[in-house]
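S.K.: Pasting the sequence and the predicted coordinates here, then a few questions.
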Amino acid sequence: MKKLLYITNVDWFFISHRLPIAKEAINQGYDVALACNFTGREDEIRAHGIRIYDIPLSRSGINIFKELSSFISIVRVLKVFRPDIIHAITIKPVIYGSLAAKLLSIKRRVFSISGLGFIYIDHGIKARILKKIAFIFYKFGLNNKSSSIIFQNDDDKKIFLESGITNYFSTHLIKGSGINLIDYKFIPINLNEDPPIIMFISRLLKDKGLIEFCKSAKLLKSKNFRGRFVVIGDADLNNPNSISVQELQEYKDSKIIEHWGFKENISQEISKSLIIVLPSYREGFPKVLIEASSVGRPIITTDVPGCRDAIIENITGIKVPVKSIIPLADSIQTLAEDKSKCIEMGKAGRRYAEKNFNINQVIEKHLDIYKRG
């Protein structure tokens with residue numbers, strides 16, 4: 001029985017993005033474990049037969065002592081579990097996991113680059129320095145024949161290849177984490193919903209384009225546009241990019257948006273909408289856009305890596321410039337006032353999801369990568 005260890009930042013991310021892959025790995029005879037920062041969902045993960053190792057891993061922050069503690073914790077887990085394969089996901093787990101695996105000569109190493117983080121969004125001095133440091137560690141940890149690197153979009157893959165971090169033969173492109181098409185059924189748009197719901201679903205982070213969404217809503221309401229602007233998700237106060245409670249309350253008090261909070265059944269919420277909007281600054285491959293396509297909703301998103309990869313321009317969605325207010329507002333109004341176009345795009349989105357985002361295809365690709373080497 002081969003041992004497979006997942007390393008990621010936090011338990012809820014693993015559940016939403018990688019649990020189906022881990023479950024199938026168990027079905028195929030792997031002994032599976034997860035190392036991450038746990039937030040109370042340990043029993044849910046254990047129930048699937050997955051061993052757990054709690055590690056002190058922060059999703060943000062660069063305190064040298066805390067980061068060293070995270071790295072040492074990962075090394076300890078590798079020594080205790082002794083995996084045949086590690087699969088590290090997100091920036092810190094990839095960097096620390098790759099270095100630890102190299103130190104302990106783990107034979108099979110899989111790394112998922114699910115976005116490049118704020119260092120590719122922020123152009124300040126701090127971000128530029130961190131980018132240089134991160135790329136040094138990436139090159140040292142990933143550039144070897146034991147590593148397989150999974151990218152979610154072509155832009156990130158190109159950056160790693162051109163920077164000499166990896167080579168073409170070690171790379172794989174898997175667009176997103178997939179979706180269960182049974183859970184996310186196609187649901188026709190309710191044309192009787194008046195006023196129509198324009199929906200934003202994400203953690204409430206500024207780099208997800210939340211401020212642009214709210215300002216576009218304010219602009220359209222000033223023009224007497226008939227529409228409800230709904231925000232689903234919670235503030236992530238441990239993230240420096242999170243919207244503050246006060247800012248969120250101000251938008252709610254002014255009746256610009258409705259905040260429905262965190263929701264478990266996202267497909268049900270998406271089905272209430274006319275349009276899904278995600279004006280993010282940069283992504284790996286946003287799962288909410290996969291979910292929106294599957295349910296059959298047209299998408300408005302930004303022309304940035306990850307987001308533009310999730311739609312077919314003018315067929316399943318519309319692209320607007322990043323950090324734009326007026327183009328975003330204009331696109332919302334134009335599409336919302338053309339119900340037949342919304343219906344057409346929604347149907348095309350479902351076909352696109354069936355062809356490209358089926359979770360079974362994603363699972364099969366991952367298991368194939370685990371078996372190599």
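M.R.: Here it is on my side, so go on. Numbers count the residues shown, from 1 in each chain.

S.K.: which residue is nearest the middle of the protein?
M.R.: The centroid of the chain falls nearest to residue 286 when counting by C-alpha atoms, centre = their mean (4.6 Å).

S.K.: wait, doesn't that residue sit right on residue 276?
M.R.: No. Between residue 286 and residue 276 there is no contact under C-beta atoms under 8 Å: 10.2 Å. Where you see a C-beta, it was placed from the backbone N, CA and C, and this is true even at glycine.

S.K.: intersection of neighbour lists for these two?
M.R.: Common contact partners of residue 286 and residue 276 (C-beta atoms under 8 Å, 6 or more residues apart in numbering): none.

S.K.: Could you pull out the helices in the stretch 251-373 of the chain for me?
M.R.: Using DSSP state H, counting those that start in this stretch, the helices of the stretch 251-373 of the chain run over 266-270, 287-295, 326-336, 339-356, 359-371.

S.K.: I'd like the mean pLDDT over the second one, please.
M.R.: Averaged over helix 287-295, pLDDT sits at 97.

S.K.: Please apply the same query to the shortest one.
M.R.: Per-residue pLDDT values over helix 266-270 give a mean of 96.

S.K.: try the longest one
M.R.: Helix 339-356 shows a mean pLDDT of 97.

S.K.: got the CA positions of it in CSV?
M.R.: Extracted C-alpha coordinates of helix 339-356, given in CSV (Å, rounded to 0.1, in the frame of the first residue of the first chain):
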residue,chain,number,x,y,z
LYS,A,339,-32.4,37.9,-21.2
SER,A,340,-32.2,35.8,-24.4
LYS,A,341,-28.4,36.3,-24.4
CYS,A,342,-28.3,35.3,-20.7
ILE,A,343,-30.2,32.1,-21.5
GLU,A,344,-28.0,31.3,-24.5
MET,A,345,-24.7,31.9,-22.6
GLY,A,346,-26.0,29.8,-19.7
LYS,A,347,-26.7,26.8,-21.9
ALA,A,348,-23.3,27.2,-23.6
GLY,A,349,-21.7,27.3,-20.1
ARG,A,350,-23.3,24.0,-19.1
ARG,A,351,-22.0,22.4,-22.3
TYR,A,352,-18.5,23.8,-21.6
ALA,A,353,-18.6,22.5,-18.0
GLU,A,354,-19.6,19.0,-19.1
LYS,A,355,-16.8,18.9,-21.6
ASN,A,356,-14.0,20.4,-19.5
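
S.K.: Which of the residues in that helix are classified as buried?
M.R.: By 16 or more other C-beta atoms under 10 Å, the buried positions in helix 339-356 come out as 342, 343, 345, 346, 347, 348, 349, 350, 352, 353, 356.

S.K.: next one: the third one
M.R.: Along helix 326-336, these residues count as buried under the neighbour rule (16+ other C-beta under 10 Å): 327, 328, 329, 331, 332, 333, 335, 336.

S.K.: And the contacts of stretch 343-354?
M.R.: Contacts for stretch 343-354 (C-beta under 8 Å, 6+ apart): 179, 181, 184, 186, 188-189, 290, 292-299, 311-312, 315-317, 335.

S.K.: what sits against residue 148?
M.R.: Contacts of residue 148 by C-beta under 8 Å, 6+ apart are 109, 110, 111, 170, 171, 172, 369, 372, 373.

S.K.: Pull up the pairing partners for the strand or helix carrying it, direction included.
M.R.: Per DSSP states H and E: residue 148 is located in strand 147-151. Under the criterion DSSP bridges, strand 147-151 sits next to strand 108-113 (parallel), strand 171-173 (parallel) in its sheet.

S.K.: any idea of the mean pLDDT for that strand?
M.R.: What strand 147-151 shows for mean pLDDT is 94.

S.K.: That strand: how far from the chain's middle?
M.R.: 17 Å (C-alpha atoms, centre = their mean, to the nearest Å).

S.K.: Taking their axis directions, that strand and helix 359-371 sit at what angle?
M.R.: Relative orientation of strand 147-151 versus helix 359-371 (axes from the mean of the first three to the mean of the last three C-alpha atoms, to 10 degrees): 160 degrees.

S.K.: Out of the helices of the stretch 251-373 of the chain, flag the one nearest residue 19.
M.R.: Closest of these to residue 19 is helix 359-371, at 10.5 Å (criterion: C-beta to C-beta).

S.K.: So for stretch 308-315, mean pLDDT?
M.R.: 95.

S.K.: I meant to write stretch 121-135 there.
M.R.: Mean predicted confidence for stretch 121-135 is 78.

S.K.: where exactly do the strands run in this structure?
M.R.: 3-10, 31-37, 51-54, 85-89, 108-113, 147-151, 171-173, 197-201, 228-232, 258-261, 275-278, 299-302, 317-320 (DSSP state E).

S.K.: Switch those over to JSON lines; also include distance to residue 364.
M.R.: JSON lines is the format used below for these (distance: least, C-beta to C-beta, whole Å):
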{"stretch": "strand 3-10", "distance to residue 364": "16"}
{"stretch": "strand 31-37", "distance to residue 364": "17"}
{"stretch": "strand 51-54", "distance to residue 364": "24"}
{"stretch": "strand 85-89", "distance to residue 364": "15"}
{"stretch": "strand 108-113", "distance to residue 364": "15"}
{"stretch": "strand 147-151", "distance to residue 364": "13"}
{"stretch": "strand 171-173", "distance to residue 364": "12"}
{"stretch": "strand 197-201", "distance to residue 364": "27"}
{"stretch": "strand 228-232", "distance to residue 364": "31"}
{"stretch": "strand 258-261", "distance to residue 364": "35"}
{"stretch": "strand 275-278", "distance to residue 364": "27"}
{"stretch": "strand 299-302", "distance to residue 364": "26"}
{"stretch": "strand 317-320", "distance to residue 364": "26"}
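
S.K.: Of all these, which one comes closest to residue 134?
M.R.: Nearest to residue 134, of these and by C-beta to C-beta, is strand 108-113 at 11.3 Å.
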